[in-house]
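Peer 1: With the input below, show me the fold.
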Amino acid sequence: MTEKYFTYQSSKIFYRITGTGKPVILIHGFGEDGNVWQHQIPVLEKQYTLIIPDLPGSGNSELIPDMSIEGMADCIKELSSIEISKVSPSGGDLEGAFFGHSMGGYITLALVEKHPQLINAFGLIHSSAYADSEEKKEARQKSIEFIKANGAYEFLKTAIPGLFYQPENNRDCEDLVEAGKNFTAEALIAYYTAMINRPDRTAVLKTATQPVLFIMGQYDKAVPFEHSLAQSHLPQQSHVHILRNSAHMGMFEEAEKTGAAMLGFLQQVL
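Peer 2: Reported below is the predicted structural model:
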């Protein structure tokens, strides 16, 4: 695996690249970095070129001026284009797929909305096209106030275990909490603000000509199972995988099944 940086609007953005074949971009979610895909990488890199960024403000990447969902989508589009042009036989047009977990799915949908011709398959992993409800916005605002008062790590230490179905004695959960020490309050507040302000993008699913993968956890509280199931009927071509022993973190909780679902989808649609 090769580690790289590229500069976007004077900010350094870190990403990893590995494998050979058509490009697949893996976009992590809130309170994570590119390491969230660690269990899926060995499965996918045998057949595909994986481009795995740390979103602005996460991991080794710096914040960018526009930290909205759309602003981060523009950043990922620029980063992806650099590597896609190296492996695409057509000289730059995307012949791969985007997968987004949670907030990464919001960014993926923004990319599909703005650049539908560049993406020929995408996946929402524990994610949603719905805008925040008023209740959700209020909860996020309360989280912002907690972060301002107590810091990023104290917030993630309490929030991350709730994303797992069985967080007790779960090493992946513990590692993710520990990695929370690398986040700043500024980054987490920017993410929450971006999510609060994002629009409903169910129209993107309804009009999508690309195949869409949905991976959903039966016990997911962050993106309720019934919401995911309802959205999976919107695209023209949906591939649905339900993880029966997962909440919001299927990449860890049912890592093998998640990797197999992603690989099977790619093999069918690319």
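
Peer 1: So which bits of the helix or strand of the chain with the lowest mean pLDDT are buried?
Peer 2: When each helix and strand of the chain is scored by mean pLDDT, DSSP states H and E, helix 69-87 comes last, with a mean of 91. Within helix 69-87, the residues scored as buried using 16 or more other CB atoms under 10 Å are 69-77, 79-80, 83-84, 87. Placement of C-beta: from N, CA and C, glycine included.

Peer 1: wait, what's in contact with Leu124?
Peer 2: Each residue near Leu124 by CB atoms under 8 Å, 6 or more residues apart in numbering is listed here: Gly100, Gly105, Thr108, Leu109, Val212, Leu213, Phe214, Ile215, Ser228, Gln231.

Peer 1: The residues you listed in helices, which ones?
Peer 2: Residues of those located in helices (DSSP state H): Gly105, Thr108, Leu109, Ser228, Gln231.

Peer 1: just these now: which is nearest Tyr48?
Peer 2: Nearest to Tyr48, judged by CB to CB, of the ones in helices among the contacts of Leu124 is Thr108 at 16.4 Å.

Peer 1: biggest separation within the ones in helices among the contacts of Leu124, which pair?
Peer 2: Using CB to CB, these reach their maximum pairwise distance at Thr108 and Ser228, which is 14.5 Å.

Peer 1: Quick one: list the elements packing against the least confident helix or strand of the chain.
Peer 2: Counting contacts by 3 or more CB pairs under 8 Å, 6 or more residues apart in numbering; DSSP states H and E, helix 69-87 packs against strand 2-8, strand 11-18, strand 23-27, strand 49-53, helix 103-114, helix 185-197.

Peer 1: Kindly format the C-alpha coordinates of it as PDB.
Peer 2: The C-alpha trace of helix 69-87 is given here as PDB (Å, rounded to 0.1, in the frame of the first residue of the first chain):
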ATOM      1  CA  ILE A  69     -20.900  17.900   2.200                       C
ATOM      2  CA  GLU A  70     -20.600  19.400  -1.200                       C
ATOM      3  CA  GLY A  71     -17.200  21.000  -0.500                       C
ATOM      4  CA  MET A  72     -15.800  17.700   0.700                       C
ATOM      5  CA  ALA A  73     -17.300  16.000  -2.400                       C
ATOM      6  CA  ASP A  74     -15.400  18.400  -4.600                       C
ATOM      7  CA  CYS A  75     -12.200  17.600  -2.800                       C
ATOM      8  CA  ILE A  76     -12.700  13.900  -3.200                       C
ATOM      9  CA  LYS A  77     -13.600  14.300  -6.800                       C
ATOM     10  CA  GLU A  78     -10.300  16.100  -7.500                       C
ATOM     11  CA  LEU A  79      -8.300  13.600  -5.500                       C
ATOM     12  CA  SER A  80      -9.900  10.700  -7.300                       C
ATOM     13  CA  SER A  81      -9.400  12.200 -10.700                       C
ATOM     14  CA  ILE A  82      -5.700  12.200 -10.200                       C
ATOM     15  CA  GLU A  83      -5.400   8.500  -9.600                       C
ATOM     16  CA  ILE A  84      -8.300   7.500 -11.900                       C
ATOM     17  CA  SER A  85      -6.600   9.000 -14.900                       C
ATOM     18  CA  LYS A  86      -3.600   6.700 -14.300                       C
ATOM     19  CA  VAL A  87      -5.600   3.400 -14.400                       C
END
